[in-house]
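Q: I would like to see how this sequence folds:
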Amino acid sequence: MEGGVLSFPLTSFHDDGSLDPDGFRAHVADRLATAPGALFPACGTGEFFSLDEDEYRQVVTVAVEEAAGRVPVVAGTGYGWAQAARFAHIAEEAGADALLVLPHYLVAAPQEGLVTQLEQIAASTRLPLIAYQRGQVAYTPASVRRIADIPNVIGLKDGHSDLDRLQRLTLAAPQGFLFFNGAATAEIQARAYATVGVPAYSSAVHAFAPEIANAFFTALRAHDDKAMDRLLRDFYVPFVELRDRVPGYAVSLVKAAARLRGGPVGPVRAPLTDPSPTDLADLRALLTTGLDLVGASL
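A: The predicted structure follows:
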């Protein structure tokens, strides 16, 4: 999965909020045409939190059908162990290759509880699991050693961006245990993550501008600091500043940008809200700038 950007497709909805499987199929096909390293349907960017079990089954099934074995399909699951086990079973039946275990709901928990919950989810499925630490979930080096001993736990995605702590985790893990950069707008910190041995990263930008995402990935692999700095300064940093205006824009802006490019993704579901007219105009201008940098068009 280090061979390309990790793609987190958006879940398509009709204007009335109902699931749009055909729109999602078209969106996934477009992402796959740009050679991602893996496909992560029904995760945070895909609004997993708003999907019922039937919708989830449809989303994962479509992703598996479109991928057709070309790239791994890693479906989201969570939040409590019982709900995660049900979704894991559905993903397994739908043909997913692995699962990303999203943080549990609401409560803070001690390390023993975090490890036990992952053990319980792992016991409910034959699929490989990638644990996702962000929010109230943060593993210690000792806990990483323990979860790495769970036979079907294969890696950890980090969303905390504490590089000192992350370095300690990578050193504590056994050889072959996978680590992923899961920071919001991960390209901002991709170089820093790579310095502690975590080169693979997820890209929300790939959901609406794979040309930009792939240009940055190519520059990162080539250690082309000049190209990375240009993309960061003129596109990624302004995008993060726009994202930070309103809670939930980490998904809402991505979906709005996809719509601006004609993507059949529809609106977000509550509690998220679509961007205001002012923010949408700023997004359009920024997207045009980013695409101009890589020689693409809106």
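Q: now do the strands in the stretch 51-200 of the chain.
A: Using DSSP state E, counting those that start in this stretch, the strands found in the stretch 51-200 of the chain span residues 74-77, 98-101, 129-133, 153-158, 178-181.
Q: comparing those strands, which comes out most buried?
A: Across those, averaging neighbours per residue (mean count of other Cβ atoms under 10 Å) puts strand 74-77 on top, at a mean of 29. To be clear about C-beta, it is placed using only N, CA and C from the backbone, and glycine gets the same treatment.
Q: mean confidence score for it?
A: On average, the pLDDT along strand 74-77 is 98.
Q: quick one: contacts of it?
A: By Cβ atoms under 8 Å, 6 or more residues apart in numbering, the list of residues contacting strand 74-77 from outside reads 38-44, 46, 48, 56, 60, 63, 84, 87-88, 91, 94, 96-102, 121, 130.
Q: if we use 6 Å, what do you get?
A: Identification of contacts with strand 74-77 by Cβ atoms under 6 Å, 6 or more residues apart in numbering yields 38, 40-43, 48, 60, 84, 87-88, 91, 96, 98-102.
Q: repeat for stretch 183-193
A: With Cβ under 6 Å, 6+ apart as the test, stretch 183-193 has contacts from 159, 161, 163, 181, 201-202, 216, 220, 236, 240, 250.
Q: check the offset of it from the chain's centre.
A: Put simply, stretch 183-193 sits 12 Å off its chain's centre (Cα atoms, centre = their mean, to the nearest Å).
Q: ends of that stretch, what's the gap?
A: Start-to-end span of stretch 183-193 (Cα to Cα, to the nearest Å) is 10 Å.
Q: tell me which residues of it come out buried.
A: 183-191, 193 (16 or more other Cβ atoms under 10 Å).
Q: just the ones of these in helices?
A: When DSSP state H is applied, the buried residues of stretch 183-193 are split such that 190-191, 193 fall in helices.
Q: wait, which of those is closest to Gly4?
A: Ranked by distance to Gly4 (Cβ to Cβ), those are led by Ala190 at 13.4 Å.
Q: and that closest one, what's its pLDDT?
A: Ala190 is given a pLDDT of 96.
Q: ok, now how distant is it from Ser50?
A: 28 Å (Cβ to Cβ, to the nearest Å).
Q: gap between Arg145 and Gln167?
A: Separation of Arg145 from Gln167 (Cβ to Cβ): 15 Å.
Q: correction: the previous question concerned Thr61.
A: Thr61 sits 39 Å away from Gln167, going by Cβ to Cβ.
Q: so these two - more neighbours on which side?
A: Thr61 (20 against 15; other Cβ atoms under 10 Å).
Q: once you drop chain neighbours, what's closest to that one?
A: Ala94 (4.5 Å; Cβ to Cβ, 6 or more residues apart in numbering).
Q: residues contacting that neighbour?
A: Ala94 makes contacts with 57, 60-61, 64, as judged by Cβ under 6 Å, 6+ apart.
Q: hmm, who's touching the host helix or strand of Arg259?
A: Following DSSP states H and E, one finds Arg259 within helix 249-260. Under the criterion Cβ under 6 Å, 6+ apart, residues 10, 45, 184, 204, 207-208, 243, 265, 268, 272, 274-275, 280, 283-284, 287 lie in contact with helix 249-260.
Q: alpha carbons only: can I get that helix in PDB?
A: Output of helix 249-260 as PDB, limited to C-alpha atoms (Å, rounded to 0.1, in the frame of the first residue of the first chain):
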ATOM      1  CA  TYR A 249     -15.500  20.700   6.900                       C
ATOM      2  CA  ALA A 250     -12.900  18.000   6.700                       C
ATOM      3  CA  VAL A 251     -15.600  16.000   4.900                       C
ATOM      4  CA  SER A 252     -18.000  18.700   3.700                       C
ATOM      5  CA  LEU A 253     -15.300  20.600   1.700                       C
ATOM      6  CA  VAL A 254     -14.100  17.400   0.200                       C
ATOM      7  CA  LYS A 255     -17.500  16.500  -1.000                       C
ATOM      8  CA  ALA A 256     -18.200  20.000  -2.200                       C
ATOM      9  CA  ALA A 257     -15.000  20.000  -4.200                       C
ATOM     10  CA  ALA A 258     -16.000  16.700  -5.800                       C
ATOM     11  CA  ARG A 259     -19.300  18.200  -6.800                       C
ATOM     12  CA  LEU A 260     -17.600  21.200  -8.300                       C
END
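Q: helices and strands around the next helix or strand along the chain from that helix, which ones?
A: For helix 249-260, the succeeding helix or strand toward the C-terminus, using DSSP H and E, is helix 277-293. Helices and strands in packing contact with helix 277-293 are listed as helix 249-260; criterion 3 or more Cβ pairs under 6 Å, 6 or more residues apart in numbering; DSSP states H and E.
Q: before I go, just wanted to say thanks for your time.
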